[in-house]
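[1] This is the structure alone, sequence omitted:
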Ligand code: MG
């Protein structure tokens, strides 16, 4: 896989990935503003779809065979791929929201985790926020590593170390990040943990979705009867954060962050550079 030409986009192709990244970011910002106790996950899905379509995009998760929603919404012990529906978010819930948009044939993919406030359960909320913060921190550590890495699998080591620095958590191994471009899921795999082998070269044209999935306990999961929802076997909480990132001649740019990742990367001493 090292250096295989198909893994690397041209500068013109990278430019085409800016718009779907920003539309994806806008859909998550709209959902973030709407998350509260009492809202259903299907209502959040409608908000994300309206945001993407208003920008001229297409919800790309709908292109997955058999899937008919804009978002995946995964609550509490659900890790990823939760299907929006009538579930009402309750105070204290930890919900991960994954969204993606296609625009003019190119794709964006990103996820965030939110803890619904619950003043009556301060400890629970703090515990869940710590899990989400550890996962988000690990995402940014992985993105920062991409900025300086020579080979892609350096990212997994950075994510693993970042998660471990925050406590006793599990990193899912059944699901990993991926390349992204004309398709939402492309080669190469992007591991969230140390693996044998260095992986492909990190060089201009590489575009990857980095997406650590972190649990409060075991990493064993199962798929629920709906055929989609991935949940922890031990019933403990999970969090998921994701961005799509372009490597180009002058640096990296987080396509699914409005600021290109400037805020998230600042503590790592990395300054993202816009795709030109
Ligand atoms: Mg993804």
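    Cool, the structure landed. Computed from a prediction, not measured in an experiment: that's the story for all the values here. Numbering: from 1, shown residues only.
[2] where does the chain have low pLDDT?
    Residue ranges of the chain with pLDDT under 70: 1-5.
[3] and the helix ranked longest in it, anywhere near the ion?
    Across the chain, the longest stretch assigned as helix under DSSP state H is helix 122-148. No. Shown here: helix 122-148 not in contact with the ion (CB under 5 Å from the ion), separated by at least 11.7 Å. From N, CA and C alone the C-beta is placed, and that goes for glycine too.
[4] contacting residues around stretch 78-86?
    For stretch 78-86, contacts defined as CB atoms under 8 Å, 6 or more residues apart in numbering pick out 40-42, 44-45, 67, 69-75, 96, 98, 111, 172, 175, 213, 215, 221, 223-224, 226, 228-232, 238, 240.
[5] Pull out the buried members of the residues you listed.
    41-42, 44-45, 69-75, 96, 98, 111, 172, 213, 215, 221, 228-232, 238, 240 (16 or more other CB atoms under 10 Å).
[6] Pull up the residues of the stretch 1-150 of the chain that are close to the ion.
    So far as CB under 5 Å from the ion goes, the stretch 1-150 of the chain lies against the ion at residue 109.
[7] From residue 225, how far off is the most centrally placed residue in the chain?
    Central residue of the chain (CA atoms, centre = their mean): residue 242, 1.6 Å from the mean position. Separation of residue 242 from residue 225 (CB to CB, to the nearest Å) stands at 25 Å.
[8] From the centre of this structure, point out the most distant residue.
    Going by CA atoms, centre = their mean, the residue of the chain most distant from its centre is residue 120, 29.8 Å out.
[9] what's the burial count for the nearest residue to that residue once chain neighbours are set aside?
    Excluding its sequence neighbours, the residue lying closest to residue 120 (CB to CB, 6 or more residues apart in numbering) is residue 91, at 7.2 Å. Residue 91 is flanked by 16 other residues according to other CB atoms under 10 Å.
[10] residue contacts, residue 91?
    Contacts of residue 91 by CB under 8 Å, 6+ apart are 37, 116-121.
[11] So how do I select the buried members of those in ChimeraX?
    Buried members of the contacts of residue 91, defined by 16+ other CB under 10 Å, are picked up in ChimeraX with:
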select :116
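[12] for the contacts of residue 91, which one is nearest residue 269?
    Nearest to residue 269, judged by CB to CB, of these is residue 117 at 32.7 Å.
[13] OK, contacts around that closest one?
    Listed by CB under 8 Å, 6+ apart, the contact partners of residue 117 are 37, 91-92, 125.
[14] Take those and write them to TSV, including secondary structure.
    Shown next, in TSV, are the contacts of residue 117 (DSSP: H, G, I helix; E, B strand; the rest coil):
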residue	secondary structure
37	coil
91	coil
92	coil
125	helix
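[15] Brilliant, that's me finished.
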